[in-house]
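# Show me how the following folds:
(one chain, ligands or ions: 2)
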Amino acid sequence: MFTEILLALVVGGVVYFLVQRSKRHQLKSEDGWWGEGTPMAGEEDLSIRPYTVQTDDEELEDLYRRIDQTRPFPSLEDSQFNYGFNSHYLQKVVTYWRRDFDWRRQVEKLNKFPHYKTNIEGIDVHYVHVRPKNLPEGVTAVPLLMVHGWPGSFYEFYRMIPLLTQPSNPDDIVFEVVCPSIPGYGFSEAPHKKGFDSVCAARVFHKLMKRLGFQQFYAHGGDWGWIVTTNMAQLEPKIIKGLHLNFAPPSKPGLPVVLSIMLGRSFPKLFGFNEHDIQRIYPVVQNLVVESVKESGYMHIQATKPDTVGRALNDSPVGLAAYILEKFSTWTDHDFRNLDDGGLTRKFSLDDLLTNVMIYWTSGCIISSMRFYKENFSKGLDQPHSKMPVHVPTGYACFPNELMHTPKLWVQQKYRELKTFTPMARGGHFAAMEEPELMAQDIQNFTKMILRSQLDTM
Ligand SMILES: *[C@@H]1O[C@H](CO)[C@@H](O)[C@H](O)[C@H]1NC(C)=O
Ligand SMILES: *[C@@H]1O[C@H](CO)[C@@H](O)[C@H](O)[C@H]1NC(C)=O
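Ligands and ions are numbered 1, 2, ... in the order given. Below you'll find the model as predicted:
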């Protein structure tokens, strides 16, 4: 009798320990409701509605009138992009926008992939859903969710989508891709209530994927997409088969990161640092205050008073374009600040850049997109998710011109199942848009590795 009780206690203890341990690794969140007013009683609307991006004469006439009334202001001599978007070059962009840019054609291009909307937690969530065409018999597509950031949109992925859904190499995996707009961005409705942060976005996207019938899937993200997909992995680790990221600065530097910063220059091998790591980390560390203040003014504004400056941007297409495209210059390459044209067309076409601006302009989403910073920062940096490691197989694409360089050791501190870490040949913060081939390849390589390791353990 005694031994049986003892056995029961031991087994119970082990079970309790395992449950507690798995709980610690899983983020909690409660359902929210973001619609106007109080939630309506009755059935939830679970319908999925096809959506078509539209435009009309009125929208274009209004845009042109505002563009024509812009009041140019001269840039300082030889200031390039160092004081913000260069005014002389802005005039050129505006002229192109007014005379050559064809929004109707771009709308057609946007509608090349099927769009949908569905209501989740009281707001309409927009997404692009691309199923592979002509899937060979016996081949199943691998579902992949891709999440954009700020000041980007689902359009960041447009060049990458066909590379994933119709790969040219027969050995490649065929993906089925879902690219949602974060609520408050693009064609997703903005939350009407305070508090919609990255964990809420993660929960909403889990609900979206469940509604679409996916039991398990892969997820990719950079910028906000990084935190949102990371939170998804923390909320439901069993559902995310693999997490692929191209941005992941340490949100809570632990001892190994601190030690690596202190000693990494003298003992680089000990921390796995290469020449590029040293070149990127130490100039920033040595001037930490100056370097971190230089490029983060926008963040401070958006995390505190988004509605004030946002109102000006929502009235002025030229101001909006300057605000958004300045980031596409500097975040693609810091040295582009010293070019008269911000290097914008070295990596992107004006058509693609202005299409992204037009998604913000026509949907009128700049204010709600900026609020996402406020919601994410106002609860403090010490959120459960920022301390919690991730136990989902992870792949990291390390682009050389990324805003904040993150060496492998730092990524590993958070992502305990880091399976691939690829130093990429070229590219910056908007890597999916700038280097779609490279990004798609890295997603292929990462996913193949996960699938292989699953076969091995079977
Ligand atoms: C906001 O994002 C930062 C990382 O950029 C993170 O450390 C922090 O915990 C987040 N806050 C919330 C409330 O999600
Ligand atoms: C992906 O793997 C292939 C084959 O091993 C390799 O040639 C290629 O460089 C890899 N691509 C990336 C972006 O890592």
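# So which residues on the stretch 151-300 of the chain come close to ligand 1?
The stretch 151-300 of the chain has residues 197-198, 227, 251 near ligand 1, with proximity defined as C-beta under 6 Å from any ligand atom. Placement of C-beta: from N, CA and C, glycine included.
# most neighbours, which of those?
I227 (26 neighbours; other C-beta atoms under 10 Å).
# shouldn't that residue be in contact with S198?
Yes. Between I227 and S198 a contact is recorded at 4.3 Å, counting by C-beta atoms under 8 Å.
# Below-threshold pLDDT in this structure: ranges please.
Flagging of the chain using pLDDT under 70 yields the residue ranges 1-3, 5-6, 12-24, 458.
# For this protein, just list every one of the strands.
48-51, 115-120, 123-130, 142-147, 175-180, 217-221, 240-245, 394-398, 418-423 (DSSP state E).
# Can you give me the neighbour number for T165?
T165 has 19 neighbours, counted by other C-beta under 10 Å.
# Now do the contacts for it.
Contact analysis of T165 by C-beta atoms under 8 Å, 6 or more residues apart in numbering lists 130-133, 141, 174-177.
# Out of those, which comes closest to ligand 2?
F175 (15.3 Å; C-beta to the nearest ligand atom).
# about what we covered before: ok, and of the residues of the stretch 151-300 of the chain next to ligand 1, which contact ligand 2?
Counting by C-beta under 6 Å from any ligand atom, no member of those reaches ligand 2.
# hang on, E176 packs against V130?
Yes. If you go by C-beta under 8 Å, E176 and V130 touch, sitting 7.0 Å apart.
# quick one, what contacts the residue of the stretch 151-300 of the chain found nearest ligand 1?
Taking C-beta to the nearest ligand atom, ligand 1 has its nearest neighbour within the stretch 151-300 of the chain at S251, 3.4 Å off. By C-beta under 8 Å, 6+ apart, the contact list for S251 reads 381, 386, 414.
# if we go to 6 Å?
Neighbour list for S251: S386 [criterion: C-beta atoms under 6 Å, 6 or more residues apart in numbering].
# Report the separation between it and V411.
Taking C-beta to C-beta, to the nearest Å as the measure, S251 falls 12 Å from V411.
# Write out the residues of this structure neighbouring ligand 2.
Residues of the chain lying near ligand 2 (C-beta under 6 Å from any ligand atom): 422, 438, 441-442, 445.
# Not counting sequence-adjacent ones, nearest residue to F446?
Among residues not flanking F446 along the chain, G395 sits closest, at 3.3 Å (C-beta to C-beta, 6 or more residues apart in numbering).
# got it, and I443?
H244 is the one closest to I443 (C-beta to C-beta, 6+ apart), at 5.4 Å.
# now swap in G428 and tell me
N401 (3.5 Å).
# isn't that neighbour right next to D335, touching?
No. N401 lies out of contact with D335 (C-beta atoms under 6 Å); the separation is 8.8 Å.
# more neighbours, the two?
Ranked by neighbour count (other C-beta under 10 Å), N401 and D335 place N401 first, with 20 against 10.
# So the more buried one versus T332, what's the distance?
Distance of N401 to T332, given as C-beta to C-beta: 7 Å.
# For the residues of the chain next to ligand 2, pick the one with the most neighbours.
D442 (23 neighbours).
# tell me the contacts of that residue?
397, 422.
# Next one: it from ligand 1, what distance?
23 Å (C-beta to the nearest ligand atom, to the nearest Å).
# What of N111?
34 Å.
# and that residue, how many neighbours?
Neighbour count of N111, defined by other C-beta under 10 Å: 14.
# For it, list the residues it contacts.
So N111 contacts 52-53 (C-beta under 6 Å, 6+ apart).
# what about 10 Å?
Residues near N111 by C-beta atoms under 10 Å, 6 or more residues apart in numbering: 51-54, 128.
# which of those residues tops the neighbour count?
Highest neighbour count within those: V128, with 25 neighbours (other C-beta under 10 Å).
# List the contacts of the closest residue to that residue other than its chain neighbours.
Among residues not flanking V128 along the chain, C179 sits closest, at 4.5 Å (C-beta to C-beta, 6+ apart). Residues near C179 by C-beta under 10 Å, 6+ apart: 113, 115, 126-130, 144-148, 153-158, 160-161, 220, 225, 432.
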